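>>> Quick one: sequence plus predicted model below, questions after.
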Amino acid sequence: MTSTTTAAPEVAPFRPFDLTVLRTRRLGPSILRVTLGGPGAGGLRGGGRDQSLSVVLPCGPGAGRAAVPAGGGGTGAAHPGDGRAVTRSYAVRAQRLRADGSTEVDLDFVLHGDGGPASRWARAAAPGDRLRVLGPAVADNTAVRFRPPADTDWVLIRADETALPAAAAILEWLPAGLPARVWLEVPRTEDRQALNTAAKARIGWLVRSEGTACGVEAVRTAELPGGTPYAWIAGEASGVRALHHHLVRERGFAPERVTSAAYWRRGLSAEQSGGGTR
């Protein structure tokens, strides 16, 4: 008698999830948190840190649910042509497994004044609303980019408001006692948030309405620790490029020890340029 063995099906690293809005909370003048969950969240396995997923957003009256793009790890490409929906990449600010076994996910939306699809959806979101996302089905996935090498002595983090959720989640993930120099840029004083970390972190808030220096200038003039660094910089594209150049060319950081993520481009809103709060 011949025996056969059936191979276990491979788990796709990203797949569609149909989530339900559970509640919303304003975090400041510029930021709104939407908490999602429901039966459709089963199997969503975030890797923490700067984990991102793709959100499918209606972009017109009566917009239907668009097909989620296959593959990828949180790209911000729009669905061309039909005008029904666009996808945007957003950071998972937090993911929680509740006592009843259900999953909750927090997404923080920056409220732009241009009335783009993400701002419109977030402002109007109410409990019971549905949102389709393309998210990770395994915790170790390519949408997690914050990966300091094992020999890292200290980390540098710079983020604007679009990258603030990822920076906050990274701070929570850092091991106890690890030195960290952190610069976080926000539009207004009230947009600052209480942050939790076991790392030995020095956190500087750069508030544009108060006329403080931008993140690039703040880092450029700072005295940095010795030892082997790892840097994660995210936000507006030109600032990310300038800071990457400064760290590699002027500070001598090894290029492979600097992770850069451009979330939006100046002259375009984060929504128009395919970014958002990742």
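Yep, that arrived. Residues are numbered from 1 along each chain as shown.

>>> Could you use CA atoms for every contact and neighbour count after this?
Noted.

>>> For the stretch 51-200 of the chain, which segments count as strands?
In the stretch 51-200 of the chain, the strands defined using DSSP state E, counting those that start in this stretch lie at 52-58, 85-91, 94-97, 103-110, 130-136, 154-159, 179-186, 200-207.

>>> P255: neighbour count?
Neighbour count for P255, taken as other CA atoms under 10 Å: 14.

>>> Can you add mean pLDDT and give the strands of the stretch 51-200 of the chain back as CSV?
What follows is these, written out as CSV (pLDDT from 0 to 100):
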stretch, mean pLDDT
strand 52-58, 92
strand 85-91, 89
strand 94-97, 95
strand 103-110, 96
strand 130-136, 96
strand 154-159, 98
strand 179-186, 97
strand 200-207, 97
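
>>> What's opposite P229 in the beta bridge?
Counting by DSSP bridges, P229 is bridged to W154.

>>> so it touches L156, yeah?
Yes: counting by CA atoms under 8 Å, P229 does reach L156; the two are 7.3 Å apart.

>>> coming back round to it: closest one to R33 among the strands of the stretch 51-200 of the chain?
The closest of the strands of the stretch 51-200 of the chain to R33 is strand 103-110. By CA to CA, the value is 4.3 Å.

>>> residue ranges of the helices in the protein, please?
Using DSSP state H, the helices found in the chain span residues 117-124, 164-173, 215-220, 237-245.

>>> deepest of the ones you listed, which one?
Mean neighbours per residue, mean count of other CA atoms under 10 Å, is largest over the helices of the chain for helix 164-173, with a mean of 23.

>>> Who are the contact partners of G46?
92, 95, 135-140 (CA atoms under 8 Å, 6 or more residues apart in numbering).

>>> Next one: Y263 from V21, what distance?
For Y263, the distance to V21 (CA to CA, to the nearest Å) stands at 24 Å.

>>> These two - which one has more neighbours?
Taking neighbours as other CA under 10 Å, Y263 and V21 compare with Y263 leading, 26 against 20.

>>> my guess is the more buried one contacts G239, does it?
No: look at Y263 against G239 with CA under 8 Å: they stay out of range, at 10.6 Å.

>>> Does D153 touch P179 like I think?
Yes: at 7.3 Å, D153 counts as touching P179 under the criterion of CA under 8 Å.

>>> quick one on the thing from earlier: tabulate the strands of the stretch 51-200 of the chain (a markdown table), appending mean neighbour count.
Compiled in a markdown table, these are given as follows (neighbours: other CA atoms under 10 Å):
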| stretch | mean neighbour count |
| --- | --- |
| strand 52-58 | 26 |
| strand 85-91 | 27 |
| strand 94-97 | 16 |
| strand 103-110 | 23 |
| strand 130-136 | 24 |
| strand 154-159 | 23 |
| strand 179-186 | 22 |
| strand 200-207 | 17 |
